[in-house]
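**Q** make a model of this:
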Amino acid sequence: MNNIETEKDIKTLVTEIGQQAREASHKLMALGEDQKNRILLSMADAIDAKRKLIRSENLLDVEEGKQNGLSDAMIDRLDLNEKRLDSMIQGVRDIAGLPDPVGRILKSWKKENGLQFNKTSVPIGVIGMIYESRPNVTADAGALCLKASNAIILRGGSEALRSNRAIADAMIDGGRAAGLPVNALQLIPVRDREAVRQLITMDRYVDVIIPRGGEGLIRAVAENATVPVLKHYKGVCHVYIDKAADKEKALEIIVNAKCQRPGVCNAAETLLIDREIAESWLPHAAEVLRNNNVELRGCKESRSLIPDMKEAVEEDWGTEYLDLILSVKIVDGVEEAIEHINRYGSGHSDAIVTEDERAQDLFGKIVDSAAVYINASTRFTDGAEFGMGAEIGISTDRLHARGPVALEELTTYKYVVTGEGQIKK
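**A** As a prediction, this is how the structure comes out:
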């Protein structure tokens, strides 16, 4: 088969998937909350019943990833160990227990002419999810979209194809047993990147694309899509240690933000320190971070305090390392810290550690990020941690959704207007 025929085959495949998803989306609108919850619980049971198969398929993906030279951080994202399997299954069950986001009256009013206006939450329709590495996204995204009565088309990374297929198959089998409409959840089963190009230009059938992965993936999708894109952009997250910080609290927060799980988007990538406390605080913090295997890359002033620290170059300040690497910069107070964050950050999550209420207020108002933390780790930017249940990603956009994208963000609205025969004169 030559390349042209392959491209035609993929186009046909993805187009059929889109058509089927659109048809399924209309059937999903008729499902009530109880039936959707039964479907989700049946899906969770099916994943649990097939966990040995899912785990064995995942181990094959992990081994292939190692052979292909994936980084340790990427392997960590790919690995679906027993604890993560348990968490994934529980996540689906938790979504079933959340309130139905569809059919809520968001606003209601009546005009003098007697017309009753109800602004009502409705599904978006068909969602295309493009993601890398993490196979748990298959379950999280599938369950969230279905709870919000959306049909979903999943296209995971080639490195996790076996894992994603095993999870999706289990969810489809479990869902159908409880009344899931056919093709409400579909996984594109090919590795070829042409499938992505077809999906993101299929605006006749797909209502929104949500890409989740590295900067290259997000940028490629955003630049080439004709379907609206809700971007889960990179996480260049900062922790600023103010001169009025509790030093022990500051150390615990930066170690947690950087070291707990460095390969995720809400991990800290840059440490900013107020000049007034740099000399007394930074040497000990650097020692603790290095004991946690963190490589430090610093500005000239921080390197004068830690002479063997690597030099940070301009590129470092805007880099999402997703690894045990941390850039370090000494700044002249909260205003300069804010300026640095707004210049180099990605609008994801940024934190200040301080006991000064003025600094807290200024940081909270002016840092232009989806999540701003005062005396807490950036690692809390997550749908479950926000009390939303599982999330489909962290939006760094400003329109439609910002921050964790959970059930409410997977709906839109329409106006239902009720009259008694009124006509416009």
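**Q** can you show me the strands along the stretch 151-300 of the chain?
**A** Taking DSSP state E, counting those that start in this stretch to define them, one finds strands in the stretch 151-300 of the chain at 151-155, 185-187, 208-212, 237-241, 268-274, 295-298.
**Q** so which residues of the stretch 301-425 of the chain form helices?
**A** 334-344, 357-366 (DSSP state H, counting those that start in this stretch).
**Q** check what pLDDT residue 319 gets.
**A** Per-residue confidence at residue 319 stands at 95 (pLDDT).
**Q** what about it, how many neighbours?
**A** 20 (other Cβ atoms under 10 Å). Where you see a C-beta, it was placed from the backbone N, CA and C, and this is true even at glycine.
**Q** surely it and residue 236 touch.
**A** Yes: using Cβ atoms under 8 Å, residue 319 is in contact with residue 236, at 7.0 Å.
**Q** and for those two, which residues touch both?
**A** residue 269 (Cβ atoms under 8 Å, 6 or more residues apart in numbering).
**Q** biggest helix in this protein, by residue count?
**A** helix 3-28 (DSSP state H).
**Q** got the angle for it vs strand 151-155?
**A** 150 degrees (axes from the mean of the first three to the mean of the last three Cα atoms, to 10 degrees).
**Q** touching, residue 115 and residue 421? I think so.
**A** No: under the criterion of Cβ under 8 Å, residue 115 is not in contact with residue 421, lying 10.7 Å apart.
**Q** higher neighbour count, the two?
**A** Per other Cβ under 10 Å, whichever of residue 115 and residue 421 has more neighbours is residue 115, with 13 against 5.
**Q** how about the contacts made by that one?
**A** 417-419, 422.
**Q** ok, now with 7 Å
**A** 417, 419, 422 (Cβ atoms under 7 Å, 6 or more residues apart in numbering).
**Q** nearest to residue 63, of those residues?
**A** Relative to residue 63, the closest of the contacts of residue 115 is residue 417; by Cβ to Cβ it sits at 58.3 Å.
**Q** okay, now the closest one: neighbour count?
**A** Residue 417 has 11 nearby residues by other Cβ under 10 Å.
**Q** pLDDT wise, what is it at?
**A** On the pLDDT scale, residue 417 gets 97.
**Q** on that earlier part again, out of the helices of the stretch 301-425 of the chain, deepest packed?
**A** Mean neighbours per residue, mean count of other Cβ atoms under 10 Å, is largest over those for helix 334-344, with a mean of 18.
**Q** and the angle from it to strand 237-241?
**A** Using the same axes, to 10 degrees: helix 334-344 against strand 237-241 is 170 degrees.
**Q** quick one: contacts of helix 334-344?
**A** With Cβ under 7 Å, 6+ apart, helix 334-344 has contacts from 236, 238, 240, 242, 272, 317-318, 329, 331, 350, 359, 362-363, 366-368.
**Q** I'd like the average pLDDT over that helix.
**A** Helix 334-344 comes out at a mean pLDDT of 98.
**Q** buried ones in the regular element (helix or strand) spanning residue 122?
**A** Taking DSSP states H and E as the definition, one finds residue 122 inside strand 116-123. Within strand 116-123, the residues that qualify as buried by neighbour count (16 or more other Cβ atoms under 10 Å) are 118, 120-123.
**Q** now the nearest residue to residue 73 once chain neighbours are set aside. Its backbone dihedrals?
**A** In this structure, residue 73 finds its nearest non-sequential neighbour in residue 263, 3.3 Å apart by Cβ to Cβ, 6 or more residues apart in numbering. Backbone torsions of residue 263, given as degrees, to the nearest 10, read phi -90, psi 20.
**Q** who's in contact with residue 263?
**A** 73, 76-77, 322-323.
**Q** highest neighbour count among those residues?
**A** Of those, with other Cβ under 10 Å as the count, residue 77 tops at 25 neighbours.
**Q** quick check: closest non-adjacent residue to that residue.
**A** Using Cβ to Cβ, 6+ apart, the closest residue to residue 77 is residue 133 (3.9 Å).
**Q** for that neighbour, grab phi and psi.
**A** Torsion angles, degrees, to the nearest 10, at residue 133: phi 70, psi -60.
**Q** and for it, the neighbour number?
**A** There are 25 residues near residue 133, going by other Cβ under 10 Å.
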